[in-house]
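1. Return atomic coordinates for the entry below.
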Amino acid sequence: MTITQPPTYDTAPPPATFLPSYDDDAAPPAPRYGLGTLSPDERFARVGSWLAGLGLAWIITQRLLPLGGLPWFLIVWFVLGIGVTAVTAKMSGGLVEVKDRVAEAVITGAALLVGAALVSTIVFVVARGYQAVLHLNFLTDDMEGVGPRDPFTHGGVLHAIIGTCIELGIALAITLPLGLGTAIFMTEVGGRFARVVRTVVEAMTALPSIVAGLFIYTVFIIALGYPRSGLAAALAISVMILPIIARAADVVLRVVPGGLREASLALGASRWRTVWNVVLPTARPGLATAVILGVARGVGETSPVLLTSGAATFVVKNPTGTVMNSLPLFIYTNVRSGEPVAIARAFGAATVLLGLVLTLFVIARLLARPRRGDRRRLRPTRASLMATGLSAQRSIGAPDELEYPEAVDTYPNNPTRESL
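-> Modelled structure (predicted):
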């Protein structure tokens, strides 16, 4: 038995490795900041600019000019803060830096203004109506036999809450298929007629609410002879929220990447299956936002409801039988009475209306969230990829079995001259 040894080769010794040496007397390394992180100097310049604007605003409004009051002070502070910010940006950078800092300040100020307006509105409404809401009967009783001067322990807005929910539910049942269908037609079908439909939808977006109420009052009540009822009010509300939902859904559907549609059509799916299984699930959160915009527009309408539904002081559950009250109509009626107790009830109803809109918003967002099972189905697995490959091979006439050759080790454990 002959044992062959692998050949040996004359190799030069490896070069020496030199480790880097550190200078103990060197200055510490300068910190590196990310793209979105401000250095201490930049942070000091931004904060100092607004503090300087605050001081200048106080001198101008309180010492130099007769501009007393908080609104003038805030306006002058904002203008001077932007001016000082532009000056400091010019000192540290160029014109691009000035434009960026000024645009950031203007956008931030506008966002703070909108947020302050929203918060102040909510605080004002709740502060004026919390006394009525604290009584449990305000949510469980109606106003049958209750006068405008009766205390908060008598009466409530149960009839208005039920009426609002019934009218809004009927309006959504009518508007959702029409609005989403219109958006799908404008986005997925297209054509010359789609341009006409888009123009009509955009024109209806600016339709005054009183015109919608007069339209339903003329056609449904006078021409067809139906009485004032919750159904007529729901039709008026649906006319108001239909262009809102259709326009917002159209914008959302156009944001869906076209590559998803092309991939679905390339796999052999029809246009309807592509819209139903690809486009709509992708745009589901945006569609929920569109529905919330429509609900927020319709739930606070007063003039269409005033013309079409009438007012009732008791609970009405049949939307086709008689007059039906709602929260906006209840607020309008009690504010016009002039009685302090009735006005407080109106603000309490406004607080309930805000809570109802918030509840509907939360429910819509929860329904629009992708479920855990949907996320798992979106993750490709090895079995799904193999099944996709098999289906693709069968569709082009390839063999039914996929052959995966085993990997061959082309580098042996004991290399020789011949193998190398």
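
2. ok, how many other residues are close to residue 292?
-> For residue 292, the number of neighbouring residues by other C-beta atoms under 10 Å comes to 20. (Glycine included, C-beta is placed from N, CA and C.)

3. right, and it touches residue 359 too?
-> No - counting by C-beta atoms under 8 Å, residue 292 stays clear of residue 359, with 11.4 Å between them.

4. Check which residues of the helix or strand hosting residue 124 are buried.
-> Element membership for residue 124 (DSSP states H and E) is helix 95-133. Buried residues in helix 95-133, counted by 16 or more other C-beta atoms under 10 Å: 98, 101, 105, 125-126, 128-129, 132-133.

5. Spatially central residue for the protein, please.
-> residue 289 (5.0 Å; C-alpha atoms, centre = their mean).

6. Which residue comes closest to that residue once chain neighbours are left out?
-> Using C-beta to C-beta, 6 or more residues apart in numbering and skipping residues adjacent in sequence, the residue nearest residue 289 is residue 248, 7.0 Å away.

7. Tell me, what's the model's pLDDT at that neighbour?
-> Per-residue pLDDT puts residue 248 at 90.

8. now the helix or strand hosting it: how far from the chain's centre is it?
-> Using DSSP H and E, residue 248 maps to helix 230-255. From the chain centre to the centre of helix 230-255 is a distance of 16 Å (C-alpha atoms, centre = their mean, to the nearest Å).

9. what's stretch 256-264 in contact with?
-> Applying C-beta atoms under 8 Å, 6 or more residues apart in numbering, the contact partners of stretch 256-264 are 273-274, 277-279, 282-283.

10. Let's see that with 6 Å instead.
-> 274, 278-279, 282-283 (C-beta atoms under 6 Å, 6 or more residues apart in numbering).

11. for stretch 152-167, same thing?
-> For stretch 152-167, the external contacting residues (C-beta under 6 Å, 6+ apart) are 132, 135, 137-143, 146, 230, 233-234, 314-315, 319, 324-327, 330, 349.

12. residues contacting residue 212?
-> Applying C-beta under 6 Å, 6+ apart, the residues contacting residue 212 are 236, 239-240, 304.

13. Report pLDDT for it.
-> Taking residue 212 on its own, its pLDDT is 88.

14. so how many other residues sit close to the residue lying closest to it once chain neighbours are set aside?
-> Nearest residue to residue 212 in three dimensions, chain neighbours excluded: residue 239, at 4.2 Å (C-beta to C-beta, 6+ apart). Residues near residue 239, counting by other C-beta under 10 Å, number 22.

15. before we move on, what about residue 74?
-> 15.

16. going forward can the numbers begin at 368, since that is how I track them
-> With 368 as the first residue, the last one maps to residue 441.

17. roughly how far apart are it and residue 484?
-> Computed as C-beta to C-beta, to the nearest Å, the residue 441 to residue 484 distance reads 13 Å.

18. could I get the contacts of stretch 623-631 as TSV with secondary structure?
-> Formatted as TSV, these follow (DSSP: H, G, I helix; E, B strand; the rest coil):
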residue	secondary structure
641	helix
645	helix
646	helix
649	helix
650	coil
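
19. quick check, nearest of these to residue 480?
-> residue 650 (30.7 Å; C-beta to C-beta).

20. What residues does that closest one make contact with?
-> Contact analysis of residue 650 by C-beta under 6 Å, 6+ apart lists 619-620, 623.

21. same thing but 8 Å
-> By C-beta under 8 Å, 6+ apart, the neighbours of residue 650 are 616, 619-620, 622-623.

22. Show me the shaky parts of the chain.
-> Within the chain, the segments meeting pLDDT under 70 span 368-378, 397-403, 737-787.

23. Can you list the residue ranges for strands in it?
-> Taking DSSP state E, the chain contains no strands at all.

24. List the contacts of stretch 472-490.
-> Here stretch 472-490 makes contact (C-beta under 8 Å, 6+ apart) with 445, 448-449, 452, 721.

25. Can you tell me how far residue 694 is from residue 720?
-> Taken as C-beta to C-beta, the span from residue 694 to residue 720 is 5 Å.

26. Tell me which of those two has more neighbours.
-> residue 694 (26 against 22).

27. Any figure for the gap between the more buried one and residue 723?
-> Taken as C-beta to C-beta, the span from residue 694 to residue 723 is 7 Å.

28. list residues touching both of these two?
-> In contact with both residue 694 and residue 723: 528, 531, 666, using C-beta under 8 Å, 6+ apart.

29. residues near the last one, how many?
-> Spelled out, that is residue 666. 21.

30. these two touch, right, it and residue 538?
-> No - Residue 666 lies out of contact with residue 538 (C-beta under 8 Å); the separation is 9.3 Å.

31. tell me, how many neighbours does residue 609 end up with?
-> With other C-beta under 10 Å as criterion, residue 609 counts 24.

32. gap between the closest residue to it other than its chain neighbours and residue 463?
-> Excluding its sequence neighbours, the residue lying closest to residue 609 (C-beta to C-beta, 6+ apart) is residue 542, at 5.0 Å. Using C-beta to C-beta, we find residue 542 at a distance of 47 Å from residue 463.

33. and what of residue 589?
-> 63 Å.

34. now do residue 553
-> For residue 553, the distance to residue 463 - C-beta to C-beta - is 39 Å.

35. Please apply the same query to residue 709.
-> Separation of residue 709 from residue 463 (C-beta to C-beta): 59 Å.
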